[in-house]
Every structure is written in structure tokens, then in C-alpha cells.
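A.B. asks: Need the 3D shape of this:
(4 chains)
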2 protein chains.
Amino acid sequence: MADPASPRVREIVAVARDLLEREGPEALTMRRIAAALGIRAPSLYKHVPGKPALEVALTVAGFEEAAAAFEAATAGSDDPLPAFVAAYRAFARAHPHLYRLMTDRPLPRADLPAGLEARTAAPLLRATGSPERARAAFGFVHGMVLLELTGRFPDDGLTGRAWAAGIAALRPAPR
Amino acid sequence: MADPASPRVREIVAVARDLLEREGPEALTMRRIAAALGIRAPSLYKHVPGKPALEVALTVAGFEEAAAAFEAATAGSDDPLPAFVAAYRAFARAHPHLYRLMTDRPLPRADLPAGLEARTAAPLLRATGSPERARAAFGFVHGMVLLELTGRFPDDGLTGRAWAAGIAALRPAPR
DNA sequence: GACACTGGCTAACACCGTTAGCCACCCTGG
DNA sequence: CCAGGGTGGCTAACGGTGTTAGCCAGTGTC
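C.D. replies: Coordinates of the predicted model:
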């Protein structure tokens, strides 16, 4: 990215995100992005090195928003796990395509702002009390969210109870 | 699919699976499949309606193998959850690209053999004792597997303990 | 022996990400 | 005031994708 903070670059990223969130990953096309800006696809390369870099930019934005949401949801709570899970689920449902872009592929750690990954993970670490329980809970919420997004669960009322059961099982032993 | 059991169709599906498992999803190309068979891509359409149908065939094969593995792993055990989880994780690690193809998208339920979905789910249902715990455990194993496949966890020794913690938390109350 | 079916083929289309090369505009330095 | 260079567009093109149309050789059947 020539200059990730340049106005035109931020404009491009904004359009890309809009396209992704509204129409899904198959709409996230260099030609579609360019068209939405009134230019042609090759001109994008004057601002952005390529599509992967654009996806990284969207991923970074997503993690920053998610981290903020998780922090806000768990701040000051003395039973933070349910609050964290609710915020996590809400984020994924509000931005399903972005969520999948963020998690589909290996994390582009080299291009992430320093500390962002740890900052995103911190609320869950605090909410579970131990790193291995945090990973187990991370697996649980990630898997549940994806199973919901891919329509894997029947639409009876049971899925809400499954969330509750997982939270209860993974909550740190009370006092 | 003209006739899913026709020898040529089964040959095509076998080649497709080989390509997917050995070289990943970007190698799963009509032209690559055809080349591996010594023909040209358009000729595939004499046997198969299109790429999506081929992916469905791979998905069905995957679920049949997974169901058999889960049944074998949990049969007759009186503590089946750890056995199920081990079999699930082993399947995903043995066939990562196939596993992702099977779970990335909505289940093509209309094209699944009758009862296959239920058969795949049954061992976990038995291992957890209740439908909502089964869904929670499904979320846990699915999420953990994907986080491992996408390299989300640091490569310290902690991930094994996270699996154990999740299993312990989700196991039905002992006798 | 005529006929149809089977399963190959080439050519082509619309789309994808990306590169090369061109050019109009504008800002700056002399 | 004008020259030079950078900025940010453009068209044309390449190799890749899934897919369709249309052709044709071989084979098996009545």
C-alpha cells in the first residue's frame, strides 16, 4: 500500500468493504470496486498493490472494530464470559462476510498493527481466566458462529440453548 | 450428474478428490481435472453438470467417510466424547482441504443421501447426551479444528490442553 | 447398411487479477 | 513564464477461470 492513510486509499478500502458486506465475497472484485469509484480496474493499482493487500486492510479494520467491541462489552463486568460471547456473536452476525474474510485464511500477522492480535484476544483471556480455557472458548464461539452462518443448525429453538450450554460449561469455576 | 455411479463419473470424482487433497482448492479446476484424465475441460460436461455438482460429490464422499470414522471410534465406548473428538480432529487433519470444502458453504441437503446428515451427527449426540450439548460440542470441535488449520494458535504446547479443557467441560456429568 | 448415441474435440464468451505503456493534468523550480 | 516531473487516469492485453455451442469419429443396434 503506497500510503494506507491517503484519502484515495481509504476511499478504496471503504468501497471494498461496502461491496463485501452488502453483496458478499464474489462481489469483491477489482473491476467492481473500480466501477463503484467511477474508474477502471487498472487505476486501482496506482493506489493499492493488489487485491490481497486490500483484503488485509479489510481484515485489520475488522479486528480493530472487533477488539473495541469486545473491550466495551466486557469492561468492568465480573461475569465477562457471557458478555464476551454475546459481543462476539453479534459482531459475526452483523458482518458475516467480513468475519469470514478475517478468519478464512492464515492471519497476515506481518501486516497487522503491533499488539492488535493480543488486544483482540485479551478480553477472552480475562473472561476465562486461563489460556487453555480461552482457546477452548475461542474454538467454541468461532465454531458456533460459523455453523450458524453456514446454516448448519436446524431452525428450532435449540441453538440458543446450545450457546448457553457452552457458556456454562466454559465459565470459570465461581469464586 | 448423468449417473453418479457410472465408471467415468467415479473416475472424475476420484481425480478431483486427489487434486483437492494433494494441492488444495486452487488446483480444483475443470481444466486441471480434465488434464489429469488426458482430456479437455469441456468433455467433462458430458459426464458432470458442472463444478458445483463435483463439489457436492466430494462433500458427500467426505461425510460418508467421516460418519463411518465417528461410528467406529465411539462404538461401544462408555466415555465416547473424547473418542469422538479425537476421531473428528484426526479426520480434519488428514483431509484439511476436503474438510473445508465440506464445511465452508451451506450443506447441499437436497443432494445428500437420505439420513447421511443424521448418521454423521448421531455419534456426537450419543456422546454428549443432549441435543444442545451436542451442538455446543460440535461448535467447539469445528472451531478448534478450523483455528488449527488456519494457524491461529501459537505453536506452544497449550493447544492440546485447550482440547482437553473443552472435552472436560462438555462431557456429560459422570454417572 | 442406416441411424442414433456416446464421448471426445475446438472455438468462443464473459469474467477474474494483473501488467505495460500512454497521456492529460497540475505543481514546482528556475 | 515556461519546463519538468509526478499523479492518476486510460486502453490493450495476457493468462487464468467456468461454461456453451457446435462439430465429428467411433460404436452398437435395428
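A.B. asks: helix or strand for the residue nearest in space to the middle of chain A, which one?
C.D. replies: Residue closest to the average C-alpha location in chain A (CA atoms, centre = their mean): residue A:99, at 4.0 Å. Residue A:99 belongs to helix A:96-104 when assigned by DSSP states H and E.
A.B. asks: hmm, who's touching stretch A:153-163?
C.D. replies: Contacts with stretch A:153-163, where a contact means CB atoms under 8 Å, 6 or more residues apart in numbering or on different chains, come from A:85, A:89, A:144, A:147, A:148, B:131, B:132, B:133, B:134, B:135, B:136, B:139. Glycine gets a C-beta too; all of them are placed from N, C-alpha and C.
A.B. asks: thinking again about what came up before, correct me, but the residue nearest to the centre of chain A touches residue A:62?
C.D. replies: Yes - Residue A:99 is within contact range of residue A:62, at 7.2 Å (criterion: CB atoms under 8 Å).
A.B. asks: List the buried residues in stretch A:70-87.
C.D. replies: By 16 or more other CB atoms under 10 Å in any protein chain shown, the buried positions in stretch A:70-87 come out as A:70, A:71, A:73, A:74, A:80, A:81, A:82, A:83, A:84, A:85, A:87.
A.B. asks: Stretch A:93-100 now?
C.D. replies: In stretch A:93-100, counting by 16+ other CB under 10 Å, buried: A:95, A:96, A:97, A:98, A:99, A:100.
A.B. asks: other SSEs contacting the helix holding residue A:99?
C.D. replies: If contacts are counted by 3 or more CB pairs under 8 Å, 6 or more residues apart in numbering or on different chains; DSSP states H and E, helix A:96-104 sits against helix A:7-23, helix A:51-74, helix A:131-149.
A.B. asks: Report the inter-axis angle for it versus helix A:7-23.
C.D. replies: 110 degrees (axes from the mean of the first three to the mean of the last three CA atoms, to 10 degrees).
A.B. asks: Let me have the buried residues of stretch A:93-100 in JSON lines, extended by pLDDT and distance to DNA strand D.
C.D. replies: Listed next are these as JSON lines, based on pLDDT from 0 to 100; distance: CB to the nearest atom of the strand, whole Å:
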{"residue": "A:95", "pLDDT": "98", "distance to DNA strand D": "27"}
{"residue": "A:96", "pLDDT": "98", "distance to DNA strand D": "24"}
{"residue": "A:97", "pLDDT": "98", "distance to DNA strand D": "21"}
{"residue": "A:98", "pLDDT": "98", "distance to DNA strand D": "25"}
{"residue": "A:99", "pLDDT": "98", "distance to DNA strand D": "25"}
{"residue": "A:100", "pLDDT": "98", "distance to DNA strand D": "20"}
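A.B. asks: and the residue of chain A found nearest chain B, how far is that from DNA strand D?
C.D. replies: Per CB to the nearest CB, residue A:143 is where chain A lies closest to chain B, at 2.7 Å. Per CB to the nearest atom of the strand, to the nearest Å, residue A:143 is found 29 Å from DNA strand D.
A.B. asks: ok now do that residue, which residues does it touch?
C.D. replies: By CB under 8 Å, 6+ apart, the contact set of residue A:143 is B:138, B:139, B:140, B:141, B:142, B:143, B:144, B:145, B:146.
A.B. asks: Let me know the closest of these to residue B:56.
C.D. replies: residue B:142 (19.9 Å; CB to CB).
A.B. asks: among the helices and strands packed on helix A:96-104, which is nearest residue B:4?
C.D. replies: That would be helix A:131-149 among the helices and strands packed on helix A:96-104, by CB to CB, at 27.4 Å.
A.B. asks: Provide the secondary structure category for residue A:156.
C.D. replies: coil (DSSP: H, G, I helix; E, B strand; the rest coil).
A.B. asks: So what does it look like in phi/psi?
C.D. replies: Backbone torsions of residue A:156, given as degrees, to the nearest 10, read phi -80, psi -170.
A.B. asks: Format the contacts of residue A:143 as a markdown table; extra columns: pLDDT.
C.D. replies: Listed next are those as a markdown table, based on pLDDT from 0 to 100:
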| residue | pLDDT |
| --- | --- |
| B:138 | 98 |
| B:139 | 98 |
| B:140 | 98 |
| B:141 | 98 |
| B:142 | 98 |
| B:143 | 98 |
| B:144 | 98 |
| B:145 | 98 |
| B:146 | 98 |
